[in-house]
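Novice: Provided below are the primary sequence and the corresponding predicted coordinates.
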Amino acid sequence: TEGTLAEIVSHAKEYGFVFPSSEIYDGLAAVYDYGPMGVELKNNLKQLWWQAMTQLNQNVVGIDAAIFMHPLTWKASGHVDGFSDPMIDNLDSKKRYRADVLLEDKAAEYENAGDKPRADALLAEMGRLLTAEDLAGVKQLIIDEKILCPVSKTGNWTDVRQFNLMFSTQVGAVADDSSKIYLRPETAQGIFVNFLNVYKSARKSVPFGIAQIGKAFRNEIVARQFIFRMREFEQMEMQFFIRPGTEDEWYQHWKATRRAWHEAMGLPANKLRFHDHDKLAFYAKAAVDIEYEFPFGFKEIEGIHSRTDYDLTQHQNLSRKKQNYFDNDINPETGKAYGNYVPFVVETSVGADRLFLATLCQAFQEETITEGEGDEQKTKTRKFLKLHPAVAPIKAAIFPLVRKDGMPEKATEIFNALRHDFRLVLEEKDAIGKRYTRQDLIGTPFCIVVDGQTLEDNTVTVRHRDSREQTRMPISELHAYIGQAVSF
Ligand code: ATP
């Protein structure tokens with residue numbers, strides 16, 4: 001069976017995946033730290049994304065831009081004027097909410113009750129009002145839908161206001177307005193402002209992409225659902241620069257490619273779905289979310305956006321530097337080169353933390369197992385993380401069966417031979433069953449046991465996490481065996 005969010009949160013803490021930030025001071029809302037297992041899992045996810053985007057695509061290169069950027073960047077991108085969420089307070093409970101989230105929750109309620117048309121109608125109406133920036137209309141919709149404050153069960157709402165989500169700070173010693181800069185709320189702009197530098201230095205021609213992994217910061221109004229919505233998080237974004245007129249084709253391409261990647265990573269097809277945006281940013285031509293079914297419902301893990309030439313044109317206007325590309329290809333309609341244009345962009349944007357959470361939710365398993373024979377037989381529940389070996393924090397654990405007869409030395413020998421290529425643990429303490437259990441809980445796919453026979457014939461047992469079956473294998477085959485399993 002699958003876990004509830006509460007079970008997953010406590011498992012993540014207990015086994016060193018995710019801790020609340022500065023917990024000894026009672027934590028900081030919507031900020032989290034990754035523990036020893038978490039950092040390995042997250043690095044594996046990021047590395048697999050990086051590989052899928054850059055190594056497997058001849059025409060995608062990476063960058064690592066700074067978090068701080070020139071303040072005009074955020075004017076150009078529209079974030080200074082428009083990156084806000086509609087905020088509403090309840091007067092009784094003094095709690096703050098996102099107006100759109102209250103309405104989305106209501107729509108989910110209709111959908112769960114089997115009334116999808118009503119849910120869709122509500123979302124469409126919300127999208128219409130938000131696009132028209134009709135905040136009074138949004139409030140009216142909350143009243144008409146009889147939405148009560150989840151805490152105080154009253155409908156005593158303030159007006160809806162726009163709340164800008166960017167964090168700001170000062171550079172240098174003088175704290176006047178001119179030195180105010182922002183912590184980037186998305187990594188994408190670091191790619192756009194480097195468009196010319198990259199395409200010239202990497203000698204790329206359209207279509208080509210630039211990928212980046214990095215931190216982003218948003219002062220989210222409400223923090224909830226663990227690492228699903230954080231104030232400091234990590235994004236993995238790719239901007240794909242294309243010839244105007246080819247955007248629909250590339251949008252379809254990336255939509256399909258990205259979904260297939262999530263499935264290959266182990267998120268099952270029936271727990272993924274596309275969700276077209278009801279509320280399109282005014283410059284966007286099309287936008288879709290890839291949603292995963294978390295324990296709290298289907299929610300976005302990745303967005304794919306057809307952004308036209310909006311961003312590059314905006315940067316061209318504010319920086320007064322041409323963001324042109326010269327296309328030498330011949331246009332069959334005119335017989336001449338396509339020539340100069342500002343490229344269009346299709347973007348893929350996935351949150352590393354949300355992907356981490358989806359991976360953890362999907363992996364968490366609890367099953368009833370029977371152990372022993374005859375009168376000795378007993379049943380117990382077993383918890384384990386069914387992680388793809390490619391993302392598992394530890395690839396294999398090496399155990400001497402007992403701490404004598406040369407078994408620890410033999411185990412150390414195996415450990416030393418494999419540790420350069422795989423993240424391993426070597427454990428001697430406790431009964432073997434206990435050691436298996438610990439590895440199950442962190443999702444280690446293989447436990448390698450050195451026993452009496454090993455010392456005679458150089459074979460070990462390999463215990464498989466998911467089936468609990470054990471097979472015997474020559475030590476000389478371990479490297480190839482693990483290598484095969486962890487390749488992706
Ligand atoms: P939402 O509607 O959930 O606020 P968004 O549509 O604003 O998300 P984008 O701006 O498209 O999100 O960001 C791209 C990706 O970055 C999202 O798909 C998500 O995985 C991730 N992301 C965005 N905000 C957060 C956050 N506060 N915490 C963790 N991940 C986030």
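Specialist: That came through, no problem.
Novice: got the contact list for residue 336?
Specialist: Counting by Cβ atoms under 8 Å, 6 or more residues apart in numbering, residue 336 touches residue 330. Just so you know, the C-beta spots here come from the backbone N, C-alpha and C atoms, and that holds for glycine as well.
Novice: pLDDT value on the closest residue in space to residue 343 that isn't next to it in sequence, please?
Specialist: In space, and not counting its chain neighbours, residue 343 is closest to residue 241: 4.0 Å by Cβ to Cβ, 6 or more residues apart in numbering. Each residue has a pLDDT score; the one for residue 241 is 98.
Novice: Quick one: name whatever helix or strand follows whichever strand or helix holds residue 241.
Specialist: In this assignment (DSSP states H and E), residue 241 forms part of strand 232-242. Next in sequence after strand 232-242, counting helices and strands by DSSP H and E, comes helix 247-264.
Novice: Give the other helices and strands that that following helix contacts.
Specialist: strand 232-242, strand 272-276, strand 286-294, strand 297-308, strand 344-351 (3 or more Cβ pairs under 8 Å, 6 or more residues apart in numbering; DSSP states H and E).
Novice: Name the residue of the stretch 301-450 of the chain that lies nearest to the ligand.
Specialist: residue 351 (2.4 Å; Cβ to the nearest ligand atom).
Novice: so which strand or helix has residue 449?
Specialist: Here residue 449 is assigned to strand 446-450, by DSSP H and E.
Novice: so how far is that strand off the chain centroid?
Specialist: 32 Å (Cα atoms, centre = their mean, to the nearest Å).
Novice: Report the rounded mean pLDDT for it.
Specialist: Computed over strand 446-450, the average pLDDT equals 98.
Novice: Output the contacting helices and strands for it.
Specialist: strand 396-400, helix 407-418, helix 432-442, strand 459-464, helix 478-486.
Novice: Strand partners (parallel or antiparallel) of that strand?
Specialist: Counting by DSSP bridges, the strands paired with strand 446-450 are strand 396-400 (parallel), strand 459-464 (antiparallel).
Novice: Mean neighbour count, the ones you listed: which tops it?
Specialist: strand 396-400 (a mean of 25; mean count of other Cβ atoms under 10 Å).
Novice: circling back: and residue 191, which of the helices and strands packed on helix 247-264 is closest to it?
Specialist: For those, proximity to residue 191 was assessed by Cβ to Cβ; strand 232-242 is nearest, at 4.7 Å.
Novice: how far out from the middle of the chain is the closest one?
Specialist: 11 Å.
Novice: what's the answer for stretch 135-153, then?
Specialist: 31 Å.
Novice: thinking again about what came up before, any chance of the helices and strands packed on helix 247-264 in JSON lines, plus mean neighbour count?
Specialist: Converted to JSON lines, the helices and strands packed on helix 247-264 look like this (neighbours: other Cβ atoms under 10 Å):
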{"stretch": "strand 232-242", "mean neighbour count": "23"}
{"stretch": "strand 272-276", "mean neighbour count": "13"}
{"stretch": "strand 286-294", "mean neighbour count": "20"}
{"stretch": "strand 297-308", "mean neighbour count": "21"}
{"stretch": "strand 344-351", "mean neighbour count": "24"}
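Novice: Not counting its own residues, what contacts stretch 143-162?
Specialist: With Cβ under 8 Å, 6+ apart as the criterion, stretch 143-162 contacts 84-93, 95, 97, 99, 102-103, 106, 122, 135-136, 138-139, 142.
Novice: Out of the residues you listed, which sit inside strands?
Specialist: 84, 85, 86, 87, 88, 89, 97 (DSSP state E).
Novice: Can you tell me how far the closest residue to residue 293 other than its chain neighbours is from residue 262?
Specialist: Leaving out its chain neighbours, the residue that sits closest to residue 293 by Cβ to Cβ, 6+ apart is residue 271, at 4.2 Å. Taking Cβ to Cβ, to the nearest Å as the measure, residue 271 falls 10 Å from residue 262.
Novice: Name the residue in these two with the higher neighbour count.
Specialist: residue 262 (21 against 17; other Cβ atoms under 10 Å).
Novice: what pLDDT does the more buried one get?
Specialist: 97.
Novice: cool, and residue 278?
Specialist: pLDDT at residue 278 comes out at 67.
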